[in-house]
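S.K.: would you be able to build a 3D model of this:
(2 chains, ligands or ions: 1)
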Amino acid sequence: MSILNDPNMIRSIIMDHYQYPRNKVDSEPKGYESIHMDSDSCVDDFYIYLKYDNTSNKIIDVKFMGTGCTISTASISIMSELLINKTKDEAFNIINNYKNMAMHEGSYDEELLEEANVFSNVYKQANRIKCATIGYNGIEELLKDK
Amino acid sequence: MFNVNDIKKDFPFIVKNPHIVYLDNAATTQKPRCVVDAISDLYENYNANPHSYDYSLAVLSEKAYEGARKKVAKFINANSNEIVFNSGDTAGLNFLASSLSKKLKEGDQILLSQAEHASNVLPWFKVKEEKQIDIGYIPLDDEGRIQLDAVEKAITPNTKIISLAQVTNVLGYKVDIKGICEIAHKHNIIVIVDGAQSIPHMKVDVKDLDCDFLVFSGHKLYGPTGIGVIYGKFDILDTLDPINMGGGMNGRFDMCGNYTLIKTPNRFESGTVNLEGAVGLGAAIDYLESIGMDNIEKYEKQLHDYAISKMEKIDGVKIYNKNSDTGIITFNFKDIFAQDLATHLASYNVCVRSGQHCAKILMDFLKADATVRASFGIYNTFEDVDKFVDALSKGDEYLDVYFK
Ligand SMILES: Cc1ncc(COP(=O)(O)O)c(C=O)c1O
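M.R.: Prediction:
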């Protein structure tokens, strides 16, 4: 079953995450680290929040807040579901695979990316790659020094 | 009136890309063949640093550069010694803010409006930081226009400068600069006009407006990037301090730090000048004058009215400036995010701009996170409008571009 072959499926997954984003909050959650991601070329303006456990090296929770286009909002929502409960190494693996896909810059493991595969064609809209990767870049920055 | 099909033939980009509907002319414009040719001619035949007076080529290049200055002066009805070349509208506003700030003191006020471009806001924020001056905003009326009585009311005894766009880049309304100058000058207030969006689309006569300064960019006027113009009434311009010091603007200097400056306007053009930009801009002005600015304004208004009448027939289109005086249309479609809509239009080869259009403080007024802007130029056709409106009417399919 590859969701990639069914445009209606892709559409409904993206729209679902856009209209009902997961792990999106309206105010800053307590006990999280945060990073502000705003892009100078577009309106995307998000805060990404991370709760991380240093002893188990695990991502406990990911949340986000802000406004942006369909692609950025849906991609962060899907990302949050992919990364919660992952170890740092697992998370980096997902991020790298996702970026390879989104930027069309190398091979990637389709299975690993689950619903995030809906963005496999985003690279064809070069001006939107930034939107599709804004959340991943933020989380990467937050995880870097762990 | 002109025939737009003849105009299109003058633009290599338009000829080579018949599938592209270019509606982002408020951001930058395509260039006519004569501009490209004028620049090639310079580089092929008479390129030299105009400051190298030792051989005749430099005389030719200086003639071309100063000739371009004369063309600009005539174009806006100024004198040549009131025209300073620089790198663009933004550089012009920064120069005026820095240079005029030396005449300001704590508590003085600058008046702007909520519809100004970042380039006419942030340079003043810097002055505010450095000089503890106040910044006031002339309120917009319900439609987003600046009315003269609002200007009159906003003026305080401390107001020293009013700096406004003649045509705002999101709403496209014409501001009554002449009326504002009349009011301002009664209070000895200097008026700066941001002509970025007016100069390319209508006749502008600085003597008639009686503004003190006017700035604009060449690239929005079908000329090259990297060239801009500051017009200043000579008697005021001549009192300003140059901000950039260097070669080509000093008379002489010695090791003790003594120096003299050459005459206005060249004293404001330190360093090797943008010869290519000036020559290209001169050619663009010749081209526009051959068509006639009044004709251009009339034609673009027709395109605008036609587009509005078609857009209003589509369910779910929200137009923020239906009555715009120029070829700028700002809109949204249903609750589709502006950027998504612009990408959708791009998939139909319609180039528009989404976002806040560098007018971030206007978005509160419009009550929108972002908008899409279509803006016309002289080569656009009614057929372009049809293609644009057709793509817009299919806005609901905006995610399709990710499946192709
Ligand atoms: C009203 C207005 N002012 C200033 C500018 C800045 O012009 P430039 O980027 O050429 O310096 C623009 C360009 O977008 C504009 O529309």
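S.K.: contacts only, for B:Cys274.
M.R.: To be clear, residue B:274 is Asn; Cys isn't right here. Neighbour list for B:Asn274: B:Phe85, B:Ser87, B:Gly226, B:Ile227 [criterion: CB atoms under 8 Å, 6 or more residues apart in numbering or on different chains]. C-beta: built from backbone N, CA, C; applies to glycine.
S.K.: so the third one sits against B:Asn86, correct?
M.R.: No - assessed by CB atoms under 8 Å, B:Gly226 is found out of contact with B:Asn86, at 9.6 Å.
S.K.: hang on, the earlier thing: closest to B:Tyr55 among the contacts of B:Asn274?
M.R.: Closest approach to B:Tyr55 among these (CB to CB): B:Phe85, at 23.1 Å.
S.K.: what's downstream of the one helix or strand that closest one maps to, the next helix or strand?
M.R.: Using DSSP states H and E, B:Phe85 maps to strand B:83-86. Using DSSP H and E, the next helix or strand after strand B:83-86 towards the C-terminus is helix B:89-101.
S.K.: run me through the strand neighbours of the strand holding B:Phe85, direction for each.
M.R.: Strand B:83-86 has the following sheet partners, assigned by DSSP bridges: strand B:228-232 (antiparallel).
S.K.: and the strand it pairs with with helix B:89-101, angle?
M.R.: In terms of direction (axes from the mean of the first three to the mean of the last three CA atoms, to 10 degrees), strand B:228-232 departs from helix B:89-101 by 30 degrees.
S.K.: run through who's touching strand B:228-232.
M.R.: Residues contacting strand B:228-232 (CB under 8 Å, 6+ apart): B:72, B:76, B:78, B:82-92, B:95-96, B:206, B:212-218, B:237, B:240, B:268, B:281.
S.K.: contacts for the helix or strand that comes right after it next, please.
M.R.: Downstream of strand B:228-232, the first helix or strand assigned by DSSP H and E is helix B:234-237. Contacts of helix B:234-237 with the rest of the structure, by CB under 8 Å, 6+ apart, involve B:Asn79, B:Asn81, B:Glu82, B:Val84, B:Ile190, B:Asp212, B:Phe213, B:Ile230, B:Thr264, B:Pro265, B:Phe268.
S.K.: chain A: which of those residues is nearest?
M.R.: Closest approach to chain A among these (CB to the nearest CB): B:Ile230, at 26.5 Å.
S.K.: roughly how far does that closest one sit from the ligand?
M.R.: 12 Å (CB to the nearest ligand atom, to the nearest Å).
S.K.: bridging residues for that residue?
M.R.: Under the criterion used here (DSSP bridges), B:Ile230 is bridged to B:Val84, B:Val215.
S.K.: low-confidence regions, chain A specifically.
M.R.: For chain A, residues meeting the criterion pLDDT under 70 lie at A:1-4, A:39-42.
S.K.: from B:Phe333, how far out is B:Ile314?
M.R.: 8 Å (CB to CB, to the nearest Å).
S.K.: more crowded one of the two?
M.R.: Ranked by neighbour count (other CB atoms under 10 Å in any protein chain shown), B:Ile314 and B:Phe333 place B:Phe333 first, with 23 against 16.
S.K.: confirm for me that the more buried one is in contact with B:Ile319.
M.R.: No - between B:Phe333 and B:Ile319 there is no contact, the gap being 10.1 Å when judged by CB under 8 Å.
S.K.: all strands for chain A, in order.
M.R.: Taking DSSP state E as the test, the strands found in chain A are A:33-38, A:45-53, A:58-67.
S.K.: list the buried ones in the longest one?
M.R.: Read that as strand A:58-67. Neighbour counts over strand A:58-67 (16 or more other CB atoms under 10 Å in any protein chain shown) mark A:Lys58, A:Ile59, A:Asp61, A:Val62, A:Lys63, A:Phe64, A:Met65, A:Gly66 as buried.
S.K.: ok, the fourth one - contacts?
M.R.: With contact set as CB under 8 Å, 6+ apart, A:Val62 has these partners: A:Asn23, A:Ile48, A:Tyr49, A:Leu50, A:Lys51, A:Met79, A:Ser80, A:Leu83, A:Ile84, A:Ile139.
S.K.: what of the first one?
M.R.: Contact criterion CB under 8 Å, 6+ apart gives A:Tyr52, A:Asn85, A:Lys86, A:Thr87, A:Lys88 as the residues in contact with A:Lys58.
S.K.: follow-up on the earlier one: touching both of B:Ile314 and B:Phe333, which residues are there?
M.R.: In contact with both B:Ile314 and B:Phe333: B:Leu392, using CB under 8 Å, 6+ apart.
S.K.: okay, B:Gly226 and B:Asn86: which has more neighbours?
M.R.: The neighbour comparison of B:Gly226 against B:Asn86 (other CB under 10 Å) goes to B:Asn86, with 23 against 17.
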